[in-house]
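Chemist: Sequence first, then the predicted structure:
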Amino acid sequence: MAIIEAKDIVYKYPDGTLALDRANISVEKGDMVALLGPNGAGKSTLFLHFNGILKPKSGKILLKGAPIKYDAKSLMEVRKTVGIVFQNSDDQLFAPTVKQDVAFGPLNLGLKEEEVEKRVKEALKEVGMEGFENKPPHHLSGGQKKRVAIAGILAMHPEIMVLDEPTAGLDPMGASKIMKLLYKLNKEGITIIISTHDVDLVPIYANKIFVMGKTKIVKSGTVEEVFSDI
Ligand code: ADP
Ligand code: ADP
């Protein structure tokens, strides 16, 4: 069964832009998915539906088979399960120190201080950022910021991690490090969904590719299937 699914999602921004028009996507538990497509196709808009930040005009998001509900309590549960890493790390990192940034999510879940401490420590270790606890996030490199943003989501113990252009703006080494980290997290059991323009790097790690055209998914399959006729 799909762990997360978008069914006929229609979304219009308040200014009238139709960003999604019956978009469908289905992701299996354990998948590492790459979502490709040109700028403005609707990838970010689709991602914002995955944890209920945006509510579709019509259609639904099914999380483990059940449509997500939009009351505050249900959304809290959804956000525990589905973590989003935004394209611009500066939108995600705002606390004075790395440690406080990573602690923000778990504190919001209402976890006890010792549990938060433990999760922050584990998450920073997982992303290779131990030793940076007391540094201000805005002094880090782009790749380091991305890893801290990922740690902040990991500390919530998500089942699904959605990342908008996680390699954008990084040098090839930094981008490769991020993909290796995501691959490791996937092997540890987290379902991963990545939007990207990086057709050289990301598909190496993905087991499934979706291609988005304007407002909807136009193609899907394995790397071989999707790239065979391009
Ligand atoms: P992608 O992530 O594939 O680049 P987006 O989801 O950001 O695509 O954008 C899809 C469409 O919605 C584009 O036409 C974009 O200009 C428009 N759009 C995105 N955000 C907004 C917004 N806040 N208000 C109005 N239109 C928007
Ligand atoms: P990356 O190579 O990971 O893409 P960036 O291009 O973001 O990194 O940053 C390049 C260098 O500039 C890094 O060594 C980083 O430490 C430094 N740097 C980035 N942002 C800031 C900042 N706000 N203040 C001080 N140094 C910064």
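Modeler: Looks like it arrived, so ask away. Ligands and ions are numbered 1, 2, ... in the order given.
Chemist: Only the buried residues of stretch 59-67, if you could.
Modeler: For stretch 59-67, burial by neighbour count (16 or more other C-beta atoms under 10 Å) applies to 59-63. Glycine gets a C-beta too; all of them are placed from N, C-alpha and C.
Chemist: quick one, phi psi at the nearest residue to Gln92 once chain neighbours are set aside?
Modeler: Leaving aside its sequence neighbours, Gln92 sits nearest to Ala149 (C-beta to C-beta, 6 or more residues apart in numbering; 4.4 Å). Taking degrees, to the nearest 10, you get phi -60, psi -40 for the backbone angles of Ala149.
Chemist: so where does Leu181 fall, helix or strand?
Modeler: Assessed by DSSP states H and E, Leu181 sits inside helix 172-187.
Chemist: Next secondary structure after that helix?
Modeler: Next helix or strand after helix 172-187 toward the C-terminus (DSSP H and E): strand 191-196.
Chemist: after that following strand comes which helix or strand?
Modeler: Counting by DSSP H and E, the next helix or strand C-terminal to strand 191-196 is helix 202-205.
Chemist: Can you get me a residue count around the nearest residue to Phe227 once chain neighbours are set aside?
Modeler: Distance criterion C-beta to C-beta, 6+ apart; nearest residue to Phe227, sequence neighbours excluded, is Pro203 at 7.4 Å. Neighbour count for Pro203, taken as other C-beta atoms under 10 Å: 20.
Chemist: start to end distance for stretch 4-18?
Modeler: End-to-end distance for stretch 4-18: 23 Å, by C-alpha to C-alpha, to the nearest Å.
Chemist: With stretch 25-45 instead?
Modeler: Stretch 25-45: ends 13 Å apart by C-alpha to C-alpha.
Chemist: Contacts only, for the residue nearest to Gln92.
Modeler: Counting by C-beta atoms under 8 Å, 6 or more residues apart in numbering, Ala149 makes contact with 85-86, 89, 92-93.
Chemist: surely Thr191 meets Phe50?
Modeler: No - Thr191 lies out of contact with Phe50 (C-beta atoms under 8 Å); the separation is 10.8 Å.
Chemist: Quick check: neighbours shared by the two?
Modeler: Residues touching both Thr191 and Phe50 by C-beta under 8 Å, 6+ apart: 4, 160.
Chemist: And for Tyr205, the neighbour number?
Modeler: Using other C-beta under 10 Å, Tyr205 is surrounded by 17 other residues.
Chemist: An error on my part: the question was meant for Glu159.
Modeler: Glu159 has 16 neighbouring residues, counting by other C-beta under 10 Å.
Chemist: what pairs with the one residue sitting closest to the centre of the chain across the strands?
Modeler: Taking C-alpha atoms, centre = their mean, the centroid of the chain lies closest to Val162, which sits 1.6 Å from it. Val162 has these beta-bridge partners by DSSP bridges: Ile84, Ile193.
Chemist: how far away is it from Glu115?
Modeler: Computed as C-beta to C-beta, to the nearest Å, the Val162 to Glu115 distance reads 24 Å.
Chemist: and if you look at Asp21?
Modeler: Noted for Asp21: a distance of 43 Å to Glu115, by C-beta to C-beta.
Chemist: How about Lys80: what's its closest non-neighbour residue?
Modeler: Met156 (6.1 Å).
Chemist: Now Pro172: closest residue in space that isn't a chain neighbour?
Modeler: Nearest non-adjacent residue to Pro172, counting by C-beta to C-beta, 6+ apart: Leu201, 7.9 Å away.
Chemist: tell me which parts of this structure are close to ligand 1?
Modeler: Neighbours of ligand 1 within the chain, by C-beta under 6 Å from any ligand atom: 13, 15, 17, 19, 37, 39-45.
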